[in-house]
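**Q** quick one: sequence plus predicted model below, questions after.
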Amino acid sequence: MIYARRAWIVLWKDLLVERRSREQLNALLFFCLVLLFLFQFALGPDRERLAAALPGLLWLGFILAGLLGLGRSFLVERENDCWEGLRLTPGDKSAIYLGKLAGNCVLMTAVELVLVVLFGVFYDVDLWTPAAPLALVLALGTVGLAAIGTLFAAMTSQVRARELLFPVLLLPVQVPVLLATVSATQALLLGQPLADVAHWIKLLAGADLVYVTIGLLTFEFVLEG
Amino acid sequence: MIAAQDLRKAYGPHVVIDGVSLALGAGQCLALLGANGAGKTTLLRILATLLRPTAGSLHLDGVDALREPDRVRPWLAIVAHGSHVYEDLTARENLRFWETLRGGDVSPARLMGALAEVDLDGVADERVRTFSAGMKRRLALARVRLGEARVLLLDEPFTGLDRRARKWVAEYLLAFKARGGAAVIATHGFGDGLGAVDRVGILGSGRLLVDRPTADLSAEELHRLYESLTDSVEDAG
Amino acid sequence: MTRALGWLAAAGLLAGLVAGFGYAPPEAVQGNVQRIMYLHVPAVLTAYLAFGLVLLGSIGYLATRRAAWDRLAAAAAELGVLFTGLTIVSGSIWGKPTWGTWWTWDARLTSTAVLFLVYVGYLLLRNLIEDADARARYAAVVGIVGTLNIPIVHFSVKWWRALHQPSTILGPEPSPIDPAIGLALFVNWVAFTLLFAYFLSRRIEIARLEEQT
């Protein structure tokens, strides 16, 4: 299947470039550590306040790191006019979107895992018991963020003031994902069973489907000249 | 192979290309001369389907390139300022990436074959970051070769290359023509490659002021013509 | 055509004012403050209409590449932001005497505020791109995302609100529909729609003329 090969090669290229240059991942991981301290200082030493705010802080962390990581996902294409090269490839451009999306999901998942572990350790919260349902919420939320994030990142990579425009465009659109994931995470951390957050899961799954579909259908218009 | 009719490109009130028509057959090479800012790069990008003209038509090997760009892109290639290489990948990996995106066959033999043709097989597994400008240019040409391009557009292919590399590009062009390809080179100087050129065009004020076979002009005549035209164009502002 | 719309809109607004302030009775619980609903509800309905047109224009442009669709999307987005702003301000004014605060994270206000932000972003994006074709394409993508996102925003905010406050007695939802209130609402809604159509028509005309110079 040529389509799958093409999507795969984009993922392969991004992972390879990232592994060789290590630009993004290291900086993002360090950023997570900084966030940890930032949150602690912003909320003060009151343990309970921190515990109550935890689901929000976790997702705030994901989003902030996501903004940095996602916003840069097409930056590598600016070197040597590779963006132009992508525009000139024949065939279904949505394969490129899929490959980029996969790469971004991998990157974001790596960052999220680190944040989750850091939160577990530093804020002394039990993330192990609800690990499975939490992982589901994480996965769905990540896809939701990355789906539109990848699309908008491609767009803003070609526009002035991109560092400002990217969060301005992305964040309002991601409000549902944020609300759903924080609410679900909060319930799960309080020990509620997965069934209780089923409606959130369904919302996330539905939203993800819509976002990825839009991405697949409109990416060629972002790339096309 | 290349049939452009009345191409026009305007950015609002600013007209860059003002009614350019040209025709090039298979196995031919056209050199586009012109001062900086004359519109050579813009014209080349229109021919490469990277830019949409405001008006006019473009047919490549009989296909309407404006309406169906994806039909011509498999065998259309442009080598411009940026060489479309990822610095952190090796030469071989770069080829593999672009050829897979094209939907072509990326067997190791084919990749190495393309690298060998451009004398880069020795550094196949070196990262492109370590390459010189000439080597990156050659890698771009290897990508073109691998992609079996039939129309080749080169924007200032001789700039920034040493003598040996320039000679090399000229030889590549000859081989490309011998295979039946059509090429357009944009240049603002007279490099060694003009031996491979069949026709010369001079672009000024967005129009093709001259378009003649090189057989009709001697080198001095061409030089004088070029100087006078670009001077007068610059004077006219 | 546009002129006629203008007159119709003016007439409609007049009728709406009469209906809202003269004809309809003051609401049982809130008193006269509730009358701002005759502005607030039609404004938000008109905003939704506007964003629906943004979606239409966006898809239309991507499908046909004809500038007319882009002009529709851009004009509709501007008006959508305007009417959304109106909704938020009127909701805020309503809220102050009713709930005691200028802002509350009520479901409709929150959804509307999110929508406002999305489309302000749309307008910002348009402002930053000079190339007409790129601007239209990118704006179209954002327009499609923004509008298709509306139901998702609606549900997520509604459920989130349910978590934090079981029910609001004095919600912006008109509780029992006294027929007189219902009629006044309807008249105002029609008036707003006419006004919107008039503004839209004018705005598109201006955009078309701007492009020609």
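**A** The structure has been received and is ready for your questions.

**Q** hey, which helix or strand in chain B has the poorest pLDDT?
**A** helix B:219-236 (a mean of 64; mean pLDDT, DSSP states H and E).

**Q** residue contacts, the residue of chain B at minimum distance from chain A?
**A** Of all residues in chain B, B:G82 sits closest to chain A, at 2.7 Å by Cβ to the nearest Cβ. Heads up, the C-betas are built off the backbone N, CA and C, glycines and all. B:G82 makes contact with A:79-82, A:84, according to Cβ atoms under 8 Å, 6 or more residues apart in numbering or on different chains.

**Q** check A:G85 too.
**A** The contact partners of A:G85, taken as Cβ under 8 Å, 6+ apart, are B:84, B:98.

**Q** next one: A:L217
**A** With contact taken as Cβ under 8 Å, 6+ apart, A:L217 is in contact with A:S94.

**Q** sec struct for the residue nearest to the spatial centre of chain C, please.
**A** By Cα atoms, centre = their mean, chain C has its centre lying nearest to C:A47, at 1.7 Å. Secondary structure, DSSP: H, G, I helix; E, B strand; the rest coil: C:A47 is helix.

**Q** touching, it and C:T112? I think so.
**A** Yes: proximity of C:A47 to C:T112 meets the contact threshold set by Cβ atoms under 8 Å, at 7.4 Å.

**Q** joint contacts of those two?
**A** Residues touching both C:A47 and C:T112 by Cβ under 8 Å, 6+ apart: C:84, C:87.

**Q** neighbours around the residue lying closest to C:V44 once chain neighbours are set aside, how many?
**A** Leaving aside its chain neighbours, C:V44 sits nearest to C:T87 (4.3 Å; criterion: Cβ to Cβ, 6 or more residues apart in numbering or on different chains). By the criterion of other Cβ atoms under 10 Å in any protein chain shown, C:T87 has 27 neighbours.

**Q** same thing with C:V41?
**A** By other Cβ under 10 Å, neighbour count at C:V41 equals 21.

**Q** pLDDT wise, what is it at?
**A** We have a pLDDT of 86 for C:V41.

**Q** and it, how far from B:L217?
**A** Note on C:V41: its distance to B:L217, by Cβ to Cβ, to the nearest Å, is 77 Å.

**Q** please apply the same query to A:F152.
**A** 53 Å.

**Q** for the two, indicate the residue with more neighbours.
**A** Set A:F152 next to B:L217 and count neighbours by other Cβ under 10 Å: A:F152 wins out with 30 against 15.

**Q** now do that one against chain B, distance only.
**A** Per Cβ to the nearest Cβ, to the nearest Å, A:F152 is found 22 Å from chain B.

**Q** what's the local residue count around the residue in chain B positioned nearest to chain C?
**A** Of all residues in chain B, B:R52 sits closest to chain C, at 6.9 Å by Cβ to the nearest Cβ. By other Cβ under 10 Å, 15 other residues sit near B:R52.

**Q** and it, how far from B:L66?
**A** For B:R52, the distance to B:L66 equals 7 Å [Cβ to Cβ].

**Q** now check the helix or strand encompassing A:T109, is it near chain C?
**A** Secondary structure assigned from DSSP states H and E places A:T109 in helix A:94-122. No: using Cβ under 8 Å from any Cβ of the partner chain, helix A:94-122 never reaches chain C; the gap is at least 11.6 Å.

**Q** where in the chain is pLDDT low?
**A** By default, I'm working from chain A. A:225 (pLDDT under 70).

**Q** oops, wrong one, chain C.
**A** Scanning chain C for pLDDT under 70 picks out C:19-32, C:163-177, C:213.

**Q** what does it put close to chain A?
**A** Counting by Cβ under 8 Å from any Cβ, chain C sits next to chain A at C:62, C:114-115, C:117-118, C:121, C:124-125, C:128-129, C:134, C:137-138, C:140-142, C:144-146, C:148-149, C:152-153, C:155-157, C:159-160, C:163.

**Q** narrow those residues to those in helices?
**A** The helices, defined by DSSP state H, take in C:62, C:114-115, C:117-118, C:121, C:124-125, C:128, C:134, C:137-138, C:140-142, C:144-146, C:148, C:152-153, C:155-157, C:159-160, C:163 from the residues of chain C next to chain A.
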